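> Structure, please.
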Amino acid sequence: MSSQRGNVNRTRAQKHKNRFVFKNDLHDKTPQQMRLNSMHVSTVCQRCKEVIEWKIKYKKYKPLTQAKTCSHCKERTVKKAYHVICRECAIKAHACAKCLKTADEVAIEAPEPTPQEEQQLQVEMDRLVKSFSERKRRAFLRYMAKGKKPETAEKDEETQEIEEKAKRVAHTRAELLDKIKQLNLAEEDDEEDYDDEDDDDEDAEEDDSEIDSEEDSEEEQKPVKAK
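As a prediction, the model looks like this:
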């Protein structure tokens with residue numbers, strides 16, 4: 001821009017243009033950065049989630065080196081940066097762990113299951129699909145392992161490239177139970193179709209036997225020619 005007094009209009013184009021989208025892991029392939037990119041932000045409201053995801057995207061996120069004191073239980077149980085209360089207190093109070101707004105004011109992101117909860121869910125799902133056929137059991141295990149894409153708002157093409165690398169969110173217990181119910185219904189339909197095919201085969205065999213008996217009776221009724 002010109003230094004002439006009163007001249008605030010610039011005639012030239014922008015000197016530095018952003019031709020490529022910023023990638024936080026372009027020159028940083030450390031395990032910490034990979035872990036941050038795959039982290040699922042939970043127990044916070046939508047606004048706080050967007051703020052934390054922005055910090056991760058542009059390498060502004062500073063993880064905690066040691067646990068922080070929770071504002072509710074007064075214990076050193078806060079393990080995530082920018083959170084003021086721990087996960088258990090946020091779930092118990094139905095509030096955002098960052099801005100402390102309640103679920104009545106804003107929508108709270110569902111908490112990510114702990115390793116113990118994931119193990120219990122795995123045991124429960126294994127018990128429920130034990131009676132499935134091998135094909136249905138493998139289909140359910142693939143569905144459970146694949147997970148689902150996190151729900152995000154419509155964004156431009158630049159941000160979609162980074163979000164493609166984001167970790168897929170695990171299915172909830174209700175979604176897994178719905179999938180088991182669908183597979184159960186599909187298995188019952190297959191059994192009904194199989195029974196119908198058996199009935200059709202039996203009817204066809206009976207018809208063939210009747211035709212054979214009629215042909216035999218006709219052959220018996222034919223007179224034998226004398227030589």
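
> In the chain, where is pLDDT below threshold?
Residues of the chain meeting the criterion pLDDT under 70: 1-3, 150-169, 187-227.

> again, only this time at 80
Residues of the chain meeting the criterion pLDDT under 80: 1-8, 10, 112-122, 128, 130-131, 141, 144-176, 183-227.

> Please enumerate the strands of it.
68-69, 76-78 (DSSP state E).

> Check which helices and strands the longest one is in contact with.
Packing contacts for strand 76-78, counted by 3 or more C-beta pairs under 8 Å, 6 or more residues apart in numbering; DSSP states H and E, involve strand 68-69, helix 87-93. C-beta here means a position set from N, CA and C on the backbone, and glycine is covered the same way.

> how much space is there between the residue nearest the centre of the chain and His171?
For the chain, the residue nearest the mean C-alpha position is Lys148 (1.7 Å; C-alpha atoms, centre = their mean). Between Lys148 and His171 the computed distance is 6 Å (C-beta to C-beta, to the nearest Å).

> Which residue, other than its chain neighbours, is closest to Thr77?
Spatial nearest neighbour of Thr77, chain neighbours left out: Cys86 (3.9 Å); criterion: C-beta to C-beta, 6 or more residues apart in numbering.

> so who does the one you found touch?
Neighbour list for Cys86: 70, 72-73, 75, 77-79, 97 [criterion: C-beta atoms under 8 Å, 6 or more residues apart in numbering].

> Check Arg47 too.
99, 106.

> Ok, Thr11 next?
By C-beta under 8 Å, 6+ apart, Thr11 lies in contact with nothing.

> Nice, that's everything, thank you.
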